[in-house]
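Participant: Model the following, please.
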Amino acid sequence: MINFNVHQHIAYVTLSRPDKQNALTLMMFQSLDNIIKEIRKNRQIRAVIIQGAGGHFCAGLDVQSVMKHPMQIVKLLFKYLPGNQNLVQRVVLGWRTLPVPVYAEIKGNCLGGGLHIALGADFRIALPNSQFAIMESRWGLCPDMGTSIVVPGYLRQDQALKLAFEAQRVDAKAAFQAGLLTAIDDDPSTFIMQHIDSLSHHSPDALAAIKLLYNQAFHAPSRTLLWRETWYQLRLLASKNTRIAMKNGAKDSEFKAYNNRAKWQ
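Facilitator: Numbering: from 1, shown residues only. Okay, the predicted model is just below:
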């Protein structure tokens, strides 16, 4: 479900579940976690590109599938210490620990967990017809994948609240204006390759140091925030209102209609 290969010093990480718009499963989270560790050990890699197979980047967590197996929720959210990163947080924040530039190549749907993963990348390049949403409130949940640390570096607080409260899709232009995207381009792949090429004459040590310095300046790590994300989510999962929201979310006719349209894009 996750394809990983390295070609000419570039690591390609492909979410590969196109029949489900690359919706995330526990196995995919585990694979991403292992891939991040593998890339970190490989000193030959000079850049990473995260992409989606088929017509979409990622439609987010496969909520209904995961909720059918409660132990999967435990594996996604478990952490040894409150301030540690759990699995869902590592697959977002892990990209920021890599000493090379990480790009998210976005097309179609980039929703929920898919958007969180993209926000973990250093650069997000999207096709003009891409769609974006922070989806958790639709299911009665709150964002819990570590983006409470990175979002303040991209968005004003009111913009972040609006997106998270409403769980409504926005187009690439609105996402760029809000600060979610680095660029919109008709050919994201070529855009990314040209940017990687433009950095090829720079010292990789300098790039690694700059990335580390700026991540610390713009996205200071917070063990308290990481714990609050998980704690709030656990409380919500135990709430009656969450069960109602999940049932209503599954019946959301607007969402179903959008999925039907997406097949024709």
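Participant: what about the residue lying farthest from the centre of the chain, which SS state?
Facilitator: Farthest-out residue of the chain from its mean C-alpha position, per C-alpha atoms, centre = their mean: H201, at 29.2 Å. Following DSSP: H, G, I helix; E, B strand; the rest coil, the label given to H201 is coil.
Participant: Phi, psi for it please.
Facilitator: Here is the backbone geometry of H201 (degrees, to the nearest 10): phi -100, psi 0.
Participant: and the gap between S200 and S239?
Facilitator: Distance, S200 to S239, by C-beta to C-beta, to the nearest Å: 51 Å. Just so you know, the C-beta spots here come from the backbone N, C-alpha and C atoms, and that holds for glycine as well.
Participant: repeat for N42
Facilitator: For N42 relative to S239 (C-beta to C-beta), the value is 43 Å.
Participant: Could you do G113 as well?
Facilitator: For G113, the distance to S239 - C-beta to C-beta - is 20 Å.
Participant: Which residues are in contact with the nearest residue to M246 once chain neighbours are set aside?
Facilitator: Here the nearest residue to M246 in space, its sequence neighbours aside, is W139; by C-beta to C-beta, 6 or more residues apart in numbering that works out to 5.2 Å. W139 makes contact with V63, T242, A245, M246, G249, according to C-beta atoms under 8 Å, 6 or more residues apart in numbering.
Participant: Adding pLDDT, secondary structure and distance to T97, write these out as JSON lines.
Facilitator: Putting the contacts of W139 into JSON lines (pLDDT from 0 to 100; DSSP: H, G, I helix; E, B strand; the rest coil; distance: C-beta to C-beta, whole Å) gives the following:
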{"residue": "V63", "pLDDT": "79", "secondary structure": "helix", "distance to T97": "28"}
{"residue": "T242", "pLDDT": "86", "secondary structure": "helix", "distance to T97": "32"}
{"residue": "A245", "pLDDT": "85", "secondary structure": "helix", "distance to T97": "33"}
{"residue": "M246", "pLDDT": "79", "secondary structure": "helix", "distance to T97": "33"}
{"residue": "G249", "pLDDT": "71", "secondary structure": "helix", "distance to T97": "33"}
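Participant: and the closest residue to E105 other than its chain neighbours, how many neighbours?
Facilitator: Spatial nearest neighbour of E105, chain neighbours left out: Q51 (4.3 Å); criterion: C-beta to C-beta, 6+ apart. Q51 has 21 neighbours, counted by other C-beta atoms under 10 Å.
Participant: Which pLDDT value belongs to F4?
Facilitator: pLDDT, F4: 98.
Participant: go on, L181?
Facilitator: Confidence score, pLDDT, at L181: 98.
Participant: Tell me how far it lies from V102.
Facilitator: 15 Å.
Participant: try E166
Facilitator: Taken as C-beta to C-beta, the span from E166 to V102 is 28 Å.
Participant: Would you mind telling me which of those two has the busier surroundings?
Facilitator: A count of neighbours by other C-beta under 10 Å puts V102 above the other of E166 and V102, at 24 against 13.
Participant: Please name the residues that touch the closest residue to S130 other than its chain neighbours.
Facilitator: Closest residue in space to S130, ignoring its immediate chain neighbours: A172 at 4.6 Å, by C-beta to C-beta, 6+ apart. By C-beta under 8 Å, 6+ apart, A172 lies in contact with A126, L127, P128, N129, S130, Q131, F132, L181, I184.
Participant: isn't the first one right next to D186, touching?
Facilitator: No - at 10.4 Å, A126 does not count as touching D186 under the criterion of C-beta atoms under 8 Å.
Participant: now the helix or strand harbouring Q177: mean pLDDT?
Facilitator: Q177 belongs to helix 172-178 when assigned by DSSP states H and E. On average, the pLDDT along helix 172-178 is 97.
Participant: any idea how far it is from the chain center?
Facilitator: Averaging C-alpha positions (C-alpha atoms, centre = their mean, to the nearest Å) puts helix 172-178 16 Å from its chain's average.
Participant: residues contacting the residue nearest the centre of the chain?
Facilitator: Nearest to the geometric centre of the chain sits I117, at 1.4 Å (C-alpha atoms, centre = their mean). If you count contacts by C-beta under 8 Å, 6+ apart, I117 has them with L32, I50, C58, V91, V92, W95, A104, M145.
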